[in-house]
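**Q** Kindly generate the corresponding structure for this input.
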Amino acid sequence: MATQLNKDVTRESNIVRDDRNINITLTSDQKIVMKLKGMKSGDVSIDIGELYDQLTGGDKQVKKPVTYRTKENGRYEQPSIKVTKTVLNDLRSQNAISGMDTETLAKFDQIIKNLLDSYKA
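**A** Modelled structure (predicted):
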């Protein structure tokens, strides 16, 4: 029997990024928040239910994005990712060998192909 998550619980991982350990907090509002030890900002968070659905494939539609708070602006925003043709081609290659079921693999490959085609225009 597990204890109800009705107050924040923080633990320090032994994983190091930028010479700092990662602190992980399970919050009472059912989120997982990670940030580098000793930093007051720059945390990332995700709703526990959303993370579960993403990891199990249980909910095909992602409703809430991962949030990120930077030290500079102190507010939450989506992290930006620069997507190039090379990145899309690499993603398509990894998709092809991912071991996903054929239907999902084909749908995802079509999405990537459409993005690649949009670079040609």
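**Q** low-confidence ranges in this structure?
**A** 59-83, 120-121 (pLDDT under 70).
**Q** do that again at 80, thanks
**A** Across the chain, residues meeting the criterion (pLDDT under 80) sit at 41, 54-85, 118-121.
**Q** What residue spans form the domains of it?
**A** 9-77, 85-120 (automatic domain parsing).
**Q** And the shortest one, what's buried?
**A** Read it as domain 85-120. Across domain 85-120, burial judged by 16 or more other Cβ atoms under 10 Å covers 88, 91-92, 95, 108, 112. All C-beta atoms are positioned from the backbone trio N, CA, C, and that covers glycine.
**Q** now that domain, how far from the chain's geometric center?
**A** The gap between where domain 85-120 is centred and where its chain is centred comes out at 19 Å by Cα atoms, centre = their mean, to the nearest Å.
**Q** same thing with stretch 47-56?
**A** On the basis of Cα atoms, centre = their mean, stretch 47-56 sits 10 Å off its chain's mean C-alpha point.
**Q** And it, what's buried?
**A** Buried residues in stretch 47-56, counted by 16+ other Cβ under 10 Å: 47, 50, 53.
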